[in-house]
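J.: Need coordinates for the below:
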Amino acid sequence: MDDVREQVRQRYALAAVEVGGDGCCSAGSCAPGSVEVDERFGAALYDAQDAVKLPPEALAASLGCGNPLAVAELRAGERVLDLGSGGGIDVLLSARRVGPTGFAYGVDMTDEMLDLARANAAKAGATNVEFLRGTIEELPLGDAAVDVVISNCVVNLSVDKPAVLAEAYRVLVPGGRLGISDVVAEDHLTPDQRAERGSYVGCIAGALSRAEYVDGLVGAGFTDVDVSFTHQVADGMHSAVVRARKPLPEE
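T.: Numbers count the residues shown, from 1 in each chain. Alright, predicted model coming up:
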């Protein structure tokens, strides 16, 4: 497990240095200079209006598999946490949507990505953001600290997905919601078949199936769970919208 995590860290450290790597790409290195990214990944998945006034480095560093902001339906005044925040694009866009009365956190384990994200925040003039060093399996935030948890093609990279989902549940307030984009496999594909379609660090081999995702979220305590495919990224593998809610105490 530690070996896989170190491979992921090294890959995204390199991607950050080359100004790339928020989320995953389809093959090879995630650095823009090393791979041609198609419309299934990256900045092309964001609305043009979202890209306005963002540093070009933040856009270049976006190689995720979806647009979690569209999934999460953020509102003014909310506190948001981005799991595996990379170059910071989703944190910066979240900060804009929640406004001055809200706040956006990003957590990443890669120092190079944190440096890039903080530089992007400074260029964007964002003051309601904070980037924290940590893993998504052990979040550096207290209980019930945020209203919304988002993520863009990062959960599939974790070697301990039950811990990720449990931590997302822990840091959410009761009634808080999870809205993420991730790569998800069709239920008939075995783990070996997923590995045949791509590497772990390439966001394919480590992907959960739809049923595994649903079971994992329910097991963590979430309700109103929904996992919906959006577009195919490999044979039997899809970018997906994942939604869930932490129930209120009386539910």
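
J.: and the longest strand seen in the chain, what's its mean pLDDT?
T.: When the chain is parsed with DSSP state E, its longest strand is strand 172-185. Mean pLDDT, strand 172-185: 95.

J.: And the helix or strand following that strand, what does it pack against?
T.: Next in sequence after strand 172-185, counting helices and strands by DSSP states H and E, comes helix 191-196. Based on contacts counted as 3 or more C-beta pairs under 8 Å, 6 or more residues apart in numbering; DSSP states H and E, there is no element that helix 191-196 packs against. Heads up, the C-betas are built off the backbone N, CA and C, glycines and all.

J.: which residues sit against the helix or strand just after helix 191-196?
T.: Once the chain leaves helix 191-196, the next helix or strand it forms, by DSSP H and E, is helix 210-220. Residues outside helix 210-220 that contact it (C-beta atoms under 8 Å, 6 or more residues apart in numbering) are 161-162, 165-166, 168-169, 178, 182, 184-187, 208, 225, 227, 229, 240, 242, 244.

J.: mind running it again at 7 Å?
T.: Residues from elsewhere that reach helix 210-220 (C-beta atoms under 7 Å, 6 or more residues apart in numbering): 161-162, 165-166, 169, 184, 186-187, 208, 225, 227, 242, 244.

J.: just the strands in the stretch 51-200 of the chain please.
T.: 79-83, 103-108, 129-133, 146-152, 172-185 (DSSP state E, counting those that start in this stretch).

J.: rewinding a little: out of the contacts of helix 210-220, which are buried?
T.: For these, a neighbour count by 16 or more other C-beta atoms under 10 Å gives the buried set as Lys161, Leu165, Ala166, Tyr169, Val184, Glu186, Leu208, Val225, Val227, Val242, Ala244.

J.: In helices, which of those appear?
T.: In helices, defined here by DSSP state H, the members of those are Lys161, Leu165, Ala166, Tyr169.

J.: quick one: pLDDT of the second one?
T.: For Leu165, the model assigns a pLDDT of 98.

J.: Over to the last one?
T.: Predicted confidence (pLDDT) at Tyr169: the value is 98.
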